[in-house]
Structure formats: structure tokens, C-alpha cells
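Novice: sequence and predicted structure below; questions after.
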Amino acid sequence: MKKTTFLLLKAIAFLAFFSASEQIFAQPGEDYKVASIGFYNLENLFDTLDSPTTNDADFLPQGRLYWNTQKYTSKQANMSRVISQLATELTPDGLALLGVAEIENRKVLEDLVAQPDLKARNYQIVHYDSPDERGIDCGLLYQPKYFQVLGSRAVPVALKDLKTGLVDFTRDILYVAGIFDGEPLHVMVGHWPSRRGGEAGSGWMRAAAAGVCKHLTDSIQAVNPDAKIVLMGDLNDDPDSRSLAQVLKARRSTLKMKPGDLYNPMYDLYKSGNGTLAYKDSWNLFDQMIVSKGLVNKSTGGWQLYKAHVFRRPWLLQTEGAFRGYPFRTYVGDIFINGYSDHLPVYLHFLKKK
């Protein structure tokens, strides 16, 4: 009896290992195609020119940060260095699509995709100016060999103060519909309202942004319940926050998904201690990528989610000072330290049988 139990356990262990190995070694050139989609908050990628319609005074040569051509050029090179390495452990093409936040305008993206580290990928741009007072926007970069845009629009997020009745507007949700290697794909890129004024006091604003995204995903899934949707952004909330778990209904497990629910593959990363930004010696995972059931239900076929990543490398973290171990950013206060971003990038691998 003991011998039989031992052999059974051994067989189960072998099957579990075989299954895991089959996924790990599913790479280009074998049975599966690989494509990857990511998101990166570029932390104030501003040009050096004065924009009369936005509050960009800090990012001018004579502004508080003395932002000049040399600093801008270095920032662009730093951003492209990071982006060029994302997802290359499984695909030499890197990211097929990249959502970005905290960019001032289309021109800074044009300069970014022209960087030597990125130029060969021929990234194209989807961008709209947002109503944000500082002029910071979201954007989407994509490689035409993987993705063809069918349509796009900026979806506003209206913030109505229930006490005063006044309506303010934050950064739009960028919505792009296209064909991803032969399959319809819906992409949303957001930068939800910050926690300025405290998490509790500002939570209603992120709930409003989540509500806009939920309405979009519901509308898409009402037409096609198996629609493939990727929602990404700097959401300024963690996976277990009300805006994500209750309003957007982004679930931790695919087993508990109901019709219309989404799956948040960043949830387990967060619970295991991963984060994308640090504050007061603790990590948050605000930068998230969330998918619809169509991307985790194998019966739908085509592209399926494989794995989620936070891109963390030693050179992306500060090695000294009060912020040692935090993301290596561009400025600490008013001091230019020539880093990357105060956020770490994230990305998802997708697999498709050849």
C-alpha cells in the first residue's frame, strides 16, 4: 500500500513537472509563437519647449528643474534602453505593443521610437492630447508586423464632486481596436487619478476611472463574450483596491470569473511582495495589466496569456542614499540624477500554437 502511494505521488509530481516544462520551453521556433505586450510609466517625459496650453513650466531650460536639451536627450536614451530589453528573454522582437504614461505630447514619442535602441522595430504611435492640467498623456506604441490599428479614440473620465457639483477631467482612457496577428484585440491604456490628498479621500476618483473602463469592457463583451481585451496602465491603486477588485471586477483567479469579469495576473505578483514603485519604504503595484476571459480561456483558441512580469534589474534601482533600493528615477527633488523612472515596467507574454 505504501509502495503504491509512493508511486502515485511520484507520477503526479512527474506530470506536474512535465506540464510546467512544456510551458517553460514553449518558445519561438518550436510549437508556439510568442508575442508580448507591456506598459511603462515614463515619468515626466517632457520636451524643452513651452506649451501655452499646459502647465509645463518646471520642464523648461529656465524652469525649476532647468530641463534642457542635454537632459532630455539623456532621458530619451535611458527610456529606450529599458524598453529595448523588455520581453527579449522569449522573443527577440521585444514588445509587440507598449502602453506608456506621463508623456507630454506626440513629439516626445516620435523622438523615443527614433532612438537607436528602438528604431529597427519600426514602432508606430497612437496618441491623443488629454485634458490633464500638466499636459501629461497616455500613448500606445506598436509594431506593425504584429498589430494593425482599426480605430482609436480618447475616452474621457469626468470627475464630479458630489459636494460642489463641479466637474473636472483627468487623463483620458486611450482605447485602440486592432488586429493582433490575425485576431481582433481591444487595448486600453490609462493613467488613473493619483492618491494626492490621501488614498481614502481620492479613492472615488479612481473608482470613476475604473467605472469608465468597466463600461467599455462590458460594451465589447456584450457583442462578443470571448472578446480579447488588454487593459493596462498606472492605476494608482493596488490589485486588491476597491477600484480594481469591486468596480472593475478584476479577479485574482481565473477559476472564479463570472461573465463580464476580468483577470488580473498581477494580483499574485503583488501578494508575493512584487511592486513597481516604492513609497515610505514599502512597495505598491500600481502598474498593472489586466485581461479578459478570452485571453485565458483555452477553448477560444488563438493567443492566450502565458506569464506576467515586473521588469526589475539592479541597474533600475538606486544603490545609495535615502532612496536606496527604490526605482532609479530622473530627479530626486530638484536634483537631476539621470535615472530612468520612478516606476518599473510590466509586461505579459502570450502564446499561440503555430
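Specialist: Cool, got the structure.
Novice: ok, the nearest residue to Trp315 once chain neighbours are set aside - contacts?
Specialist: Counting by C-beta to C-beta, 6 or more residues apart in numbering, Phe328 is the residue found nearest to Trp315 once chain neighbours are left out, at 7.4 Å. All C-beta spots, glycine's among them, are computed from the backbone N, C-alpha and C. Taking C-beta atoms under 8 Å, 6 or more residues apart in numbering, we find Phe328 in contact with 315-318, 337, 339-340.
Novice: check what pLDDT Phe328 gets.
Specialist: On pLDDT, Phe328 comes in at 98.
Novice: what's the separation between it and Ser292?
Specialist: Noted for Phe328: a distance of 34 Å to Ser292, by C-beta to C-beta, to the nearest Å.
Novice: just the strands in the stretch 151-300 of the chain please.
Specialist: Secondary structure of the stretch 151-300 of the chain by DSSP state E, counting those that start in this stretch: the strands cover 158-160, 167-169, 173-180, 183-191, 229-234, 250-251, 262-263, 277-279, 282-284, 287-292.
Novice: same list, the ones you listed, but as TSV with mean pLDDT please.
Specialist: TSV is the format used below for these (pLDDT from 0 to 100):
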stretch	mean pLDDT
strand 158-160	90
strand 167-169	87
strand 173-180	98
strand 183-191	98
strand 229-234	98
strand 250-251	97
strand 262-263	98
strand 277-279	94
strand 282-284	95
strand 287-292	98
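Novice: among those, which comes closest to Leu60?
Specialist: Closest to Leu60 of the strands of the stretch 151-300 of the chain is strand 183-191 (C-beta to C-beta; 22.5 Å).
Novice: tell me which residues in the closest one are buried?
Specialist: 184-191 (16 or more other C-beta atoms under 10 Å).
Novice: can you add distance to Gln148 and give those residues back as CSV?
Specialist: Output for these, formatted as CSV (distance: C-beta to C-beta, whole Å):
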residue, distance to Gln148
Pro184, 11
Leu185, 10
His186, 14
Val187, 12
Met188, 18
Val189, 17
Gly190, 22
His191, 25
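Novice: list just the nearest of these to Lys354.
Specialist: So of these, ranked by how close each gets to Lys354 (C-beta to C-beta), first place is Leu185, at 18.7 Å.
Novice: where do the helices sit along the stretch 151-300 of the chain?
Specialist: 199-223, 242, 266-271 (DSSP state H, counting those that start in this stretch).
Novice: can you redo those as a markdown table with mean pLDDT, mean neighbour count and distance to Leu65?
Specialist: Below are the helices of the stretch 151-300 of the chain laid out as a markdown table (pLDDT from 0 to 100; neighbours: other C-beta atoms under 10 Å; distance: least, C-beta to C-beta, whole Å):
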| stretch | mean pLDDT | mean neighbour count | distance to Leu65 |
| --- | --- | --- | --- |
| helix 199-223 | 95 | 17 | 25 |
| helix 242 | 97 | 14 | 35 |
| helix 266-271 | 97 | 19 | 31 |
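Novice: how about those helices in JSON lines, adding distance to Tyr123?
Specialist: As requested, the helices of the stretch 151-300 of the chain are exported to JSON lines (distance: least, C-beta to C-beta, whole Å):
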{"stretch": "helix 199-223", "distance to Tyr123": "24"}
{"stretch": "helix 242", "distance to Tyr123": "35"}
{"stretch": "helix 266-271", "distance to Tyr123": "24"}
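Novice: for Gln288, find the nearest of the ones you listed.
Specialist: helix 266-271 (4.6 Å).
Novice: longest strand of this protein, counting residues only.
Specialist: Ordering each strand of the chain by length in residues (DSSP state E) puts strand 32-45 first.
Novice: avg pLDDT for it?
Specialist: Per-residue scores along strand 32-45 average to 97.
Novice: hey, what's the angle from it to strand 183-191? Just curious.
Specialist: Angle of strand 32-45 versus strand 183-191, following axes from the mean of the first three to the mean of the last three C-alpha atoms, to 10 degrees, is 20 degrees.
Novice: mind listing what's buried in the helix or strand following strand 32-45?
Specialist: Following strand 32-45 in sequence order, the next helix or strand is helix 69-85 (DSSP states H and E). Neighbour-count burial for helix 69-85, counted by 16+ other C-beta under 10 Å, picks out 71-72, 75-76, 78-84.
Novice: ok, stretch 142-149 next?
Specialist: So for stretch 142-149, counting by 16+ other C-beta under 10 Å, buried means 142-143, 146-147.
Novice: contacts for it?
Specialist: 35, 93, 95-98, 121-124, 126, 176-181, 185.
Novice: these, buried ones only, as a PyMOL selection?
Specialist: Typed into PyMOL, the line below selects the buried ones among these, using 16+ other C-beta under 10 Å:
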select buried, resi 35+93+95+96+97+98+121+123+126+176+177+178+180+181+185
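Novice: how deep is Thr88 tucked in, by neighbour count?
Specialist: 12 (other C-beta atoms under 10 Å).
Novice: quick check: it vs Leu109, distance?
Specialist: Distance from Thr88 to Leu109, by C-beta to C-beta: 21 Å.
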